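A.B. asks: sequence plus the predicted model coming up.
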Amino acid sequence: MIIIGEKMDLKIRKWKMTDAADLAKTLSNKNILDNLRDGLPFPYTEKDAEDYISAMLAADKNNTFAFAVSVNDKAVGSISVFRQQNVHRLTAELGYYIAEEYWGKGIMTEAVKQICEYVFTNSDIIRIFAEPFAYNKGSCRVLEKAGFEFEGTLRQNAVKNGKILDMKMYSRIRSKV
């Protein structure tokens, strides 16, 4: 837990069904969706949010580490780590987003640090990686400030909104916790 300023109590916590309205509002913002992978409906409804929350609460706790990012117990974002398979079974992918009004406040950096500590302490995962779009400087900065190392650019690695995009590869290794 961290106190940011005098009034913001930040933590990652399990999802609650009562978070559905806040989640739907956050994901109905095109500025957020433009930085995420495809597959999310737009607009994002409370029913979509309820389905997601149910799925995360029911997920295998050894393979999916999914939390709400909360400020003063209000869900303002999402952060998840997903174990990979086969020869990558000790590796996991990190994904996250936060409501636009909370951008640039250090909240996501702290949430990334918290989830890495949680995953490295409560699982056998040894490597967590993230692949933000190369143009998303804010997300790249979050990872850098949270102790991730830049590994390289994945050239022409994605198609988003009809554009072919580069992505960046970042990772954090258990021994660096």
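C.D. replies: Nice, I can see it.
A.B. asks: please, which helix or strand holds the residue minimising distance to the centre of the chain?
C.D. replies: Taking C-alpha atoms, centre = their mean, the centroid of the chain lies closest to residue 96, which sits 1.6 Å from it. Following DSSP states H and E, the helix or strand that holds residue 96 is strand 91-98.
A.B. asks: and the pLDDT for the residue nearest to the centre of the chain?
C.D. replies: We note a pLDDT of 96 for residue 96 in this prediction.
A.B. asks: how about the strands in the protein?
C.D. replies: With strands called from DSSP state E, the chain shows them at 2-4, 8-13, 64-71, 74-83, 91-98, 127-130, 149-160, 163-173.
A.B. asks: could you dump those strands to a markdown table with distance to residue 54?
C.D. replies: Bear in mind the C-beta positions are built from the backbone N, C-alpha and C, glycine included. Below are those laid out as a markdown table (distance: least, C-beta to C-beta, whole Å):
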| stretch | distance to residue 54 |
| --- | --- |
| strand 2-4 | 29 |
| strand 8-13 | 16 |
| strand 64-71 | 11 |
| strand 74-83 | 14 |
| strand 91-98 | 18 |
| strand 127-130 | 25 |
| strand 149-160 | 27 |
| strand 163-173 | 29 |
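A.B. asks: to residue 25, which of these lies closest?
C.D. replies: strand 74-83 (9.7 Å; C-beta to C-beta).
A.B. asks: and that closest one with strand 8-13, angle?
C.D. replies: Counting by axes from the mean of the first three to the mean of the last three C-alpha atoms, to 10 degrees, strand 74-83 lies at 40 degrees to strand 8-13.
A.B. asks: pLDDT below threshold where in the chain?
C.D. replies: 1-7, 176-177 (pLDDT under 70).
A.B. asks: top helix in it by residue count?
C.D. replies: Longest helix of the chain, by residue count under DSSP state H: helix 107-122.
A.B. asks: what's the angle from that one to strand 8-13?
C.D. replies: Going by the same axes, to 10 degrees, helix 107-122 makes 40 degrees with strand 8-13.
A.B. asks: who does helix 107-122 touch, helix- and strand-wise?
C.D. replies: strand 2-4, strand 8-13, strand 64-71, strand 74-83, strand 91-98, strand 127-130, helix 137-145 (3 or more C-beta pairs under 8 Å, 6 or more residues apart in numbering; DSSP states H and E).
A.B. asks: one more time with 6 Å, if that's ok
C.D. replies: Secondary-structure packing of helix 107-122 (3 or more C-beta pairs under 6 Å, 6 or more residues apart in numbering; DSSP states H and E): strand 8-13, strand 74-83, helix 137-145.
A.B. asks: quick check: which of those is buried the most?
C.D. replies: Stretch with highest mean neighbour count among the helices and strands packed on helix 107-122: strand 74-83 (a mean of 21; mean count of other C-beta atoms under 10 Å).
A.B. asks: all set now, cheers.
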